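Peer 1: How does the following fold in three dimensions:
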Amino acid sequence: MEVDTEKLHQELIEWIENWSDGETGVAVTADTPLLATGLLDSMGMVAYLSFLEDRTGRRFDLMGFTGGRSATIRQTVEHVLKR
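Peer 2: Okay, here's the model as predicted:
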């Protein structure tokens, strides 16, 4: 299945803004760190990755992901799509 990554990035940005009730305090882009900036906490990251899996139909390999606290939308999308 071919995925339009730019469209997916935008959907994920909107998801994060909705998760935060529009009160992110940080400009959300595909390259904004999700945890380090406080956009997502651990529960938010789990929900985010679940949404990403649902949206792409692919499993996110947490053990193989090295993004850590500086993980971005771009990095998570690239990681889930490389499998």
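
Peer 1: okay, CA-based contacts and neighbour counts for the rest of this
Peer 2: Noted.

Peer 1: Straight-line length of stretch 64-74, end to end?
Peer 2: By CA to CA, to the nearest Å, the extent of stretch 64-74 from end to end equals 16 Å.

Peer 1: next one: it to chain centre, how far?
Peer 2: 9 Å (CA atoms, centre = their mean, to the nearest Å).

Peer 1: Let me know the distance separating the closest residue to residue 70 other than its chain neighbours from residue 57.
Peer 2: Closest residue to residue 70 apart from its sequence neighbours, by CA to CA, 6 or more residues apart in numbering: residue 33 at 4.7 Å. Going from residue 33 to residue 57 by CA to CA gives 24 Å.

Peer 1: the more surrounded of those two?
Peer 2: More crowded of residue 33 and residue 57, by other CA atoms under 10 Å: residue 33, with 21 against 12.

Peer 1: hmm, back to that, for the residue nearest to residue 70, give me its contacts.
Peer 2: The contact partners of residue 33, by CA atoms under 8 Å, 6 or more residues apart in numbering, come to 39, 69-73.

Peer 1: so what's the residue nearest the centre of the chain up against?
Peer 2: With distances taken as CA atoms, centre = their mean, the residue of the chain nearest its centroid is residue 73 (4.0 Å). Residues in contact with residue 73, defined by CA under 8 Å, 6+ apart, are 9, 12-13, 29-34.

Peer 1: Tabulate the residues you listed (JSON lines), appending distance to residue 65, secondary structure and pLDDT.
Peer 2: Formatted as JSON lines, the contacts of residue 73 follow (distance: CA to CA, whole Å; DSSP: H, G, I helix; E, B strand; the rest coil; pLDDT from 0 to 100):
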{"residue": "9", "distance to residue 65": "18", "secondary structure": "helix", "pLDDT": "97"}
{"residue": "12", "distance to residue 65": "18", "secondary structure": "helix", "pLDDT": "97"}
{"residue": "13", "distance to residue 65": "20", "secondary structure": "helix", "pLDDT": "96"}
{"residue": "29", "distance to residue 65": "20", "secondary structure": "coil", "pLDDT": "96"}
{"residue": "30", "distance to residue 65": "17", "secondary structure": "coil", "pLDDT": "97"}
{"residue": "31", "distance to residue 65": "16", "secondary structure": "coil", "pLDDT": "97"}
{"residue": "32", "distance to residue 65": "17", "secondary structure": "coil", "pLDDT": "96"}
{"residue": "33", "distance to residue 65": "14", "secondary structure": "coil", "pLDDT": "96"}
{"residue": "34", "distance to residue 65": "14", "secondary structure": "coil", "pLDDT": "95"}
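
Peer 1: Appreciated, that's everything.
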